[in-house]
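[1] below are the sequence and a predicted model for it; my questions follow.
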Amino acid sequence: MGAAVALSACGSSSAATTITLYNGQHVQTTDALVGAFEKAHPGVQVLVRSDDENTLDAQIVEEGARSPADVVFTENSPALEYLQNRGLLARLPSSVLAATPPRFDSPRGDWVGVSARVSDLVYNPALVSARALPTSVLRLAQPRYRGLLGLAPSETDFQPIVTAVLRRVGRARTLAWLEGLKANAGGHLYPSNEALTLAVNRGAVALGVINQYYWYRLRSALGASAMHSRIAPFAPHDPGYVVDVSGAGVLASSHHRRAAEAFVRFLVSRAGQEIIAHSESFEYPIASGVATVQPETPFDALRPDPITIAQLGTGDEAVALLREVQLL
């Protein structure tokens with residue numbers, strides 16, 4: 001996600017409790033959830049500070065116990081695992097954790113999964129045929145894709161894929177794979193998945209790896225007739241086929257713990273999940289038994305890599321490898 005900063009606070013009651021949300025999620029998703037929460041909880045206002053989740057992580061660590069943040073909401077689980085490992089998140093009530101299947105929550109109970117996306121190939125059929133697409137993300141390093149591949153290596157969404165590849169084939173082969181991707185991409189490096197998706201759609205590059213919702217969002221914005229690209233999954237259980245979990249946690253330093261927990265509870269409640277299910281964020285709701293109503297592959301029909309939240313970890317190893325091959 002980009003690093004644009006947005007501030008918002010709703011409500012006017014001077015007696016209201018104000019909590020500060022450090023938001024690494026897409027602003028459109030968060031705005032809808034915050035608005036509905038404040039309407040349902042008129043005694044609580046939410047001040048939103050939005051930025052890239054890695055930037056927010058660094059800020060929280062720097063601020064320590066002085067952080068004004070009460071809740072942190074991220075696009076990907078490694079950002080939350082990083083804060084958890086530094087002892088900066090408070091354990092959530094079991095009733096909050098119970099709303100989401102345990103495999104999508106913090107193994108320690110310090111944050112809860114809210115929504116999910118899945119990594120897919122995006123491709124332009126005028127430049128590469130469906131038959132020529134790789135069935136594995138590992139094959140994208142083959143010379144046949146030189147000049148065809150686009151990458152957004154600085155996207156935090158890319159790090160879980162690198163971690164999954166590392167777990168599958170080891171460090172040496174992962175480094176060789178990344179070098180192959182770098183060579184194949186050449187100058188087709190993009191600052192975000194939004195930019196990569198748009199580039200593929202307009203034919204500037206033939207294919208790339210994104211989370212599925214970027215393609216659906218572009219189709220919603222441009223209209224179906226303006227879509228010149230398609231998406232396709234990797235083979236079942238491939239390390240390129242990764243479910244990324246967005247989640248939220250309460251800061252251990254929060255001075256408004258009860259209100260902060262109420263906000264996180266709302267995110268995983270049926271009301272909060274229905275907002276995700278019906279919104280044009282095209283994320284998958286994963287809590288309270290709610291399923292998306294959007295026309296995309298049903299969540300329970302996905303066949304991703306079985307990598308766990310704990311195995312995805314903090315993403316530090318992925319970042320180190322990306323830096324080693326100078327993709328970061």
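    It's in.
[2] tally of neighbours for residue 285?
    26 (other C-beta atoms under 10 Å). C-beta: built from backbone N, CA, C; applies to glycine.
[3] swap that for residue 62, please
    Number of residues near residue 62 (other C-beta under 10 Å) recorded here: 9.
[4] hang on, it in a strand?
    No - using DSSP: H, G, I helix; E, B strand; the rest coil, the assignment for residue 62 is helix, not a strand.
[5] show me what contacts it?
    By C-beta atoms under 8 Å, 6 or more residues apart in numbering, no residues touch residue 62.
[6] pLDDT score assigned to it?
    Residue 62 is assigned a predicted lDDT (pLDDT) of 96.
[7] swap in residue 28?
    pLDDT recorded at residue 28 is 85.
[8] what of residue 8?
    40.
[9] mind naming the longest strand for the protein?
    In the chain, assigned by DSSP state E, the strand with the most residues is strand 112-123.
[10] quick one: the strands in the stretch 101-250 of the chain?
    Counting by DSSP state E, counting those that start in this stretch, the segments of the stretch 101-250 of the chain that form strands are 112-123, 207-211, 230-232, 243-250.
[11] turn those strands into TSV, including distance to residue 270, mean neighbour count and mean pLDDT.
    Putting these into TSV (distance: least, C-beta to C-beta, whole Å; neighbours: other C-beta atoms under 10 Å; pLDDT from 0 to 100) gives the following:
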stretch	distance to residue 270	mean neighbour count	mean pLDDT
strand 112-123	13	25	98
strand 207-211	24	26	98
strand 230-232	29	17	98
strand 243-250	16	27	98
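[12] so which of the ones you listed is nearest residue 326?
    strand 207-211 (18.8 Å; C-beta to C-beta).
[13] residue contacts, residue 325?
    With C-beta under 8 Å, 6+ apart, residue 325 has these contacts: 175, 178-179, 182.
[14] meant to ask about residue 150, not that
    Residue 150 sits in contact with 185, 188-190, 196, 199-200, 204-208, where contact means C-beta under 8 Å, 6+ apart.
[15] from those residues, which land in helices?
    Under the assignment DSSP state H, the contacts of residue 150 contribute 185, 196, 199-200 to helices.
[16] now the residues you listed as CSV including distance to residue 34 and pLDDT?
    Compiled in CSV, those are given as follows (distance: C-beta to C-beta, whole Å; pLDDT from 0 to 100):
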residue, distance to residue 34, pLDDT
185, 37, 98
196, 28, 98
199, 31, 98
200, 32, 98
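[17] neighbour-wise, which of these leads?
    Highest neighbour count within these: residue 200, with 29 neighbours (other C-beta under 10 Å).
[18] am I right that it is in contact with residue 218?
    No - in this structure residue 200 lies outside contact range of residue 218 using C-beta atoms under 8 Å: 9.5 Å.
[19] in what helix or strand does the residue nearest to residue 68 when sequence neighbours are not counted lie?
    Closest residue to residue 68 apart from its sequence neighbours, by C-beta to C-beta, 6 or more residues apart in numbering: residue 20 at 4.9 Å. Residue 20 belongs to strand 17-23 when assigned by DSSP states H and E.
[20] now do the buried residues in that strand.
    Residues of strand 17-23 classed as buried by neighbour count (16 or more other C-beta atoms under 10 Å): 17, 19-23.
[21] what two of these are the furthest from one another?
    17 and 23 (18.2 Å).
[22] which residues of this structure fall in helices?
    Ranges of helices within the chain are 27-40, 53-63, 77-85, 94-97, 159-169, 171-185, 193-202, 212-222, 257-268, 270-278, 309-312, 316-324, based on DSSP H.
[23] with adjacent residues omitted, what lies nearest to residue 165?
    Using C-beta to C-beta, 6+ apart, the closest residue to residue 165 is residue 239 (4.7 Å).
[24] ok, now how distant is that neighbour from residue 169?
    The gap separating residue 239 from residue 169 is 8 Å, by C-beta to C-beta, to the nearest Å.
[25] need the contact list for residue 96.
    By C-beta under 8 Å, 6+ apart, the residues touching residue 96 are 112, 261, 264-265, 268.
[26] excluding chain neighbours, what is closest to it?
    residue 265 (5.1 Å).
[27] show the pLDDT at the one you found.
    With respect to pLDDT, residue 265 scores 98.
[28] residue 254 versus that one, what's the distance?
    14 Å.
[29] which of the helices and strands in the chain ranks last by mean pLDDT?
    Least confident element among the helices and strands of the chain, by mean pLDDT, DSSP states H and E: strand 7-8 (a mean of 38).
[30] domains in this protein, by residue range?
    What automatic domain parsing lists as the domains of the chain is 7-115+243-295, 117-242+314-324.
[31] looking at the ones you listed, which is nearest to residue 307?
    Residue 307 lies closest to domain 117-242+314-324 among the domains of the chain, at 5.0 Å (C-beta to C-beta).
[32] any idea how far apart the tips of that closest one sit?
    Criterion C-alpha to C-alpha, to the nearest Å; first-to-last residue distance in domain 117-242+314-324 is 27 Å.
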